[in-house]
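In: Here is a sequence with its predicted model. Questions after.
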Amino acid sequence: MSRGTAGYDGRRGDARHRAEALAAAAAGLVAAAHLVPAGTWLPGVRRALFPALAGRGRPDHIALTFDDGPDPGSTPYFLDALDELAVRATFFVLGDSVLRHPRTAAEISHRGHELAVHGWTHSRPWRSTVARDLREVAHAARVVRRTTGAVPRWYRPPYGVLTGGRTLAAARAGLSPVLWTAWGRDWTAQATSASVLATVRRDLRGGGTVLLHDSDRAAEPGCWRAALGALPALVRVCRDEGWTVGPLADHGIGG
């Protein structure tokens, strides 16, 4: 091999290595853009740095929200309980459940509650792609509008993991992401009405957003009964503190 040929091969090898390094760096940036926003799943991070995303609103108000419905086997019980308590709430619904249970979805709206988007299915974030997020969030928002006549304003991703793809999908669909400041851990087999109430109260502050579930679709069978049973006491605690309880629409955050 001549010196000229060796030099050419060396330069070509260097160029290939530079191209591979640039490709790796670009892939790393893409991955970071997708995953870094998911850090807002950490309660301390979002409460300190992103209060609107955490659901921090008017100090005299508590936003009551439910995920994973509509479910004809459980959601109607929540609607009845909320009627008895004279409380309206926000229901983050799954698009495919709205499609399968349109009467239950329409009843949520008919009873005066707010519908919001929880995605198309309760998919895990690491199984998603940006293209899939864009398609499914938009589809879910359309199905909610078509089924109930209501225009959703809010988006809460399954598991509360707000990746870059899901953030972009919400923006494209005209939705504002909102997570929560307090939850009841009501999806476990061990959950009871007392445990749900105690868990919510640990982080319950004026201006907070409470997350509960009106369906066991992505949880232990029948665990929704614990959340349902905790509702009267939870509302009573809020009212005793001088807080009104209602949907995100009345909570005083952007969207």
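Out: That came through fine. Numbering: from 1, shown residues only.

In: from here on, contacts and neighbour counts on C-alpha atoms
Out: Noted.

In: now the stretch 51-200 of the chain, which segments are flagged as low pLDDT?
Out: Counting by pLDDT under 70, the ranges of the stretch 51-200 of the chain that qualify are 125-128.

In: which residue ranges form the helices in it?
Out: Using DSSP state H, counting those that start in this stretch, the helices of the stretch 51-200 of the chain run over residues 51-54, 75-85, 95-100, 102-110, 130-148, 164-172, 193-202.

In: Let me have those in a markdown table, extended by distance to Arg185 and mean neighbour count.
Out: Below are the helices of the stretch 51-200 of the chain laid out as a markdown table (distance: least, Cα to Cα, whole Å; neighbours: other Cα atoms under 10 Å):
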| stretch | distance to Arg185 | mean neighbour count |
| --- | --- | --- |
| helix 51-54 | 17 | 20 |
| helix 75-85 | 17 | 17 |
| helix 95-100 | 22 | 20 |
| helix 102-110 | 23 | 19 |
| helix 130-148 | 25 | 19 |
| helix 164-172 | 23 | 21 |
| helix 193-202 | 6 | 18 |
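
In: Select, out of the ones you listed, the one closest to Pro232.
Out: When the helices of the stretch 51-200 of the chain are compared by Cα to Cα, helix 75-85 sits nearest Pro232, at 7.1 Å.

In: so what secondary structure elements neighbour the closest one?
Out: Helices and strands touching helix 75-85, by 3 or more Cα pairs under 8 Å, 6 or more residues apart in numbering; DSSP states H and E, are helix 102-110, helix 224-240.

In: returning to what we had before: for Ala116, which of the helices of the stretch 51-200 of the chain is the nearest?
Out: Here helix 130-148 is closest among the helices of the stretch 51-200 of the chain (Cα to Cα), at 8.0 Å.

In: quick check: angle from the closest one to helix 102-110?
Out: Taking axes from the mean of the first three to the mean of the last three Cα atoms, to 10 degrees, one finds helix 130-148 and helix 102-110 inclined to each other by 70 degrees.

In: Which strands and helices lie in contact with helix 130-148?
Out: So helix 130-148, by 3+ Cα pairs under 8 Å, 6+ apart, packs with helix 95-100, helix 102-110, strand 114-117, helix 164-172.

In: 6 Å instead?
Out: The helices and strands touching helix 130-148, judged by 3 or more Cα pairs under 6 Å, 6 or more residues apart in numbering; DSSP states H and E, are helix 164-172.

In: Can I get the helix it packs on in CSV, CA atoms only?
Out: Written as CSV, here are the backbone C-alpha positions of helix 164-172 (Å, rounded to 0.1, in the frame of the first residue of the first chain):
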residue,chain,number,x,y,z
GLY,A,164,-41.0,15.1,25.2
GLY,A,165,-43.3,13.3,22.7
ARG,A,166,-46.3,13.6,25.0
THR,A,167,-45.5,17.3,25.7
LEU,A,168,-45.5,18.0,22.0
ALA,A,169,-48.6,15.9,21.4
ALA,A,170,-50.5,17.9,24.0
ALA,A,171,-49.4,21.2,22.5
ARG,A,172,-50.4,20.1,19.0
